[in-house]
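[1] when you get a sec, could you give me coordinates for this:
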Amino acid sequence: MPGLDELTDKILDFRDKRDWQQFHNPKDLALSLVLEATEVLEHFQWKNGSALDQYINSNKDQIGQELADVLYWVLLISKDLNINILQALEAKLKINEEKYPIEKSKGKADKYTELN
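    Numbering: from 1, shown residues only. The predicted structure follows:
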């Protein structure tokens, strides 16, 4: 299984062979990320309970393709903006640990500003 650096290199190779970097400014990359994320969401729209479970079991490949599209744009944006996405994720996890201490947040879906 390739690591993030190898996947990013494959993405860059794919883009560069097509001369698409000229179209990839941060705004349009971010728009592409959001559009792909909504395609993930579309799989779950109007489905609940057992119908949702059945849909997920029957459509994992398609959902996986949409998640892969999201990851594609995350890796591309982070590379173009010179952001180490793994370091950014580690830093964000630390922030979230502070916002959501276990003793206040365990088993709750409340936003950190609503935790008592």
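[2] surely K47 meets Y55?
    Yes. Using CB atoms under 8 Å, K47 is in contact with Y55, at 5.3 Å. Where you see a C-beta, it was placed from the backbone N, CA and C, and this is true even at glycine.
[3] of the two, which one has the most company?
    Y55 (16 against 13; other CB atoms under 10 Å).
[4] before we move on, which element is the more buried one in?
    helix 49-58 (DSSP states H and E).
[5] could you give the separation of that helix from the chain centroid?
    Here helix 49-58 is found 22 Å from its chain centre; the criterion is CA atoms, centre = their mean, to the nearest Å.
[6] buried sites along it?
    Burial within helix 49-58, assessed by neighbour count using 16 or more other CB atoms under 10 Å, is assigned to Y55.
[7] same question for it, mean pLDDT?
    For helix 49-58, mean pLDDT rounds to 97.
[8] so what touches it?
    H43, F44, K47, I63 (CB atoms under 8 Å, 6 or more residues apart in numbering).
[9] for ChimeraX, write the selection for the buried entries among these.
    This is how ChimeraX selects the buried members of the contacts of helix 49-58, with burial counted by 16+ other CB under 10 Å:
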select :43,63
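[10] ok, of the contacts of helix 49-58, which one's closest to E103?
    F44 (31.7 Å; CB to CB).
[11] from E66, how far off is that closest one?
    Between F44 and E66 the distance, using CB to CB, to the nearest Å, works out to 11 Å.
[12] go on, P101?
    Distance from P101 to E66, by CB to CB: 33 Å.
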